[in-house]
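# Okay, sequence plus prediction incoming.
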Amino acid sequence: MKIQRGHFKSECLKDGLLIKDIACDDLGLLVKRYDILDSSDTEEMWVWDIYWTGSATTEANRHSTLIEKSILTLLNMGAWLIRTDHDD
């Protein structure tokens with residue numbers, strides 16, 4: 001498995017991307033990106049639906065929706081990593 005970290009921007013995130021939470025080793029799959037404000041009159045606020053799997057994942061936190069800026073912050077701080085190769 002190859003892990004990528006560095007300076008990430010919105011363009012780096014896409015449907016099907018796997019992320020790894022280094023605190024618990026759980027994996028999250030980015031599923032869908034959408035603008036929760038959904039109005040041309042306001043600033044865009046992009047969020048991602050994420051499905052998680054791993055030992056720290058329960059029914060209560062298997063599906064989460066996070067603001068894209070928060071995801072990028074976690075990646076850029078090194079708390080989350082992008083998994084770029086699906087072979088272990």
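Perfect, thanks for sending it.
# Could you check how far Trp48 is from Ser55?
Separation of Trp48 from Ser55 (Cβ to Cβ, to the nearest Å): 22 Å. Using the backbone N, CA and C atoms, a C-beta is placed for each residue, glycine as well.
# out of those two, which sits in the more crowded spot?
Remark: of Trp48 and Ser55, Trp48 carries more neighbours, 23 against 8, as counted by other Cβ atoms under 10 Å.
# Does that one belong to a helix, a strand or coil?
Using DSSP: H, G, I helix; E, B strand; the rest coil, the structure places Trp48 in strand.
# low pLDDT regions in this protein?
Low-confidence segments of the chain (pLDDT under 70): 1-6, 40, 85-88.
# Tell me which stretches of it form strands.
Secondary structure of the chain, counting by DSSP state E: strands at 3-4, 18-21, 27-35, 46-53, 63-67, 80-83.
# burial of the spatially closest residue to Tyr51 that is not a sequence neighbour, as a residue count?
Excluding the flanking residues, the one nearest Tyr51 by Cβ to Cβ, 6 or more residues apart in numbering is Leu29, at 4.9 Å. Leu29 is flanked by 16 other residues according to other Cβ under 10 Å.
# Surely Leu29 is in contact with Leu18?
Yes - assessed by Cβ atoms under 8 Å, Leu29 is found in contact with Leu18 at 5.9 Å.
# Gly54 touches Ile22, doesn't it?
No - using Cβ under 8 Å as the test, Gly54 is too far from Ile22 to be in contact (11.6 Å).
# export the strands of the chain to CSV and tack on distance to Leu74?
As requested, these are exported to CSV (distance: least, Cβ to Cβ, whole Å):
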stretch, distance to Leu74
strand 3-4, 14
strand 18-21, 8
strand 27-35, 10
strand 46-53, 11
strand 63-67, 9
strand 80-83, 4
